[in-house]
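> structure of the sequence below:
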Amino acid sequence: MEGINYCQIIQDILNRHAINDVANGTEIELIFDTKNHHYQVLNIGWKEQKRVYGVIVHVDIKDNKIWVQRDGTEIGIANELLAAGVPKQDIVLGFKAPYKRQFTDFAVG
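Residues are numbered from 1 along each chain as shown. Okay, the predicted model is just below:
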């Protein structure tokens, strides 16, 4: 985390994903807990007669590493973090089983 403000990078990336889908009656909520380093993008609302509520993205910072806990984006949050200058060894794909992480190019935890 030296020299790079991971908290700000994550917030900038997630803000770009906060596009409300007014046509479908849903909205995007950003949840930034900067004290405990938890960041989420939620989809919430109603589509026709069904309730819509789901986590699109969930990212944490733990032990100076960025943990991608949930990634429902097409581009991939890890790819956006790399493009923003975060090294692969500081990104953990937390949604992958621990034994599978060793086979990725990212940190294992």
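> for the biggest strand by length in the chain, buried residues please.
Longest strand in the chain by number of residues (criterion: DSSP state E): strand 50-62. Applying a neighbour-count criterion of 16 or more other Cβ atoms under 10 Å, one finds V52, I56, V57, H58, V59, D60, I61 buried in strand 50-62. Backbone N, C-alpha and C define where each C-beta goes, glycine included.
> give me every residue that touches the third one.
Pointing back at V57 there. Shown in contact with V57 (Cβ atoms under 8 Å, 6 or more residues apart in numbering): L14, H17, Y39, Q40, V41, R70, D71, G72, T73, I77.
> E74 - how many residues pack around it?
5 (other Cβ atoms under 10 Å).
> same check on the one 5 residues further on?
A count of neighbours around N79, defined by other Cβ under 10 Å, yields 12.
> what does G76 give?
G76 has 12 nearby residues by other Cβ under 10 Å.
> pLDDT score for it?
Looking at G76, its pLDDT is 95.
> distance of it relative to H17?
Computed as Cβ to Cβ, to the nearest Å, the G76 to H17 distance reads 12 Å.
> how about V55: which residues does it bridge to?
L42 (DSSP bridges).
> and it, how close does it get to Q89?
For V55, the distance to Q89 - Cβ to Cβ - is 26 Å.
> surely F32 and Y39 touch.
Yes: contact criterion Cβ atoms under 8 Å: F32 and Y39 qualify, at 5.4 Å.
> what pLDDT does D90 get?
pLDDT, read off for D90, is 97.
> no further questions, thank you.
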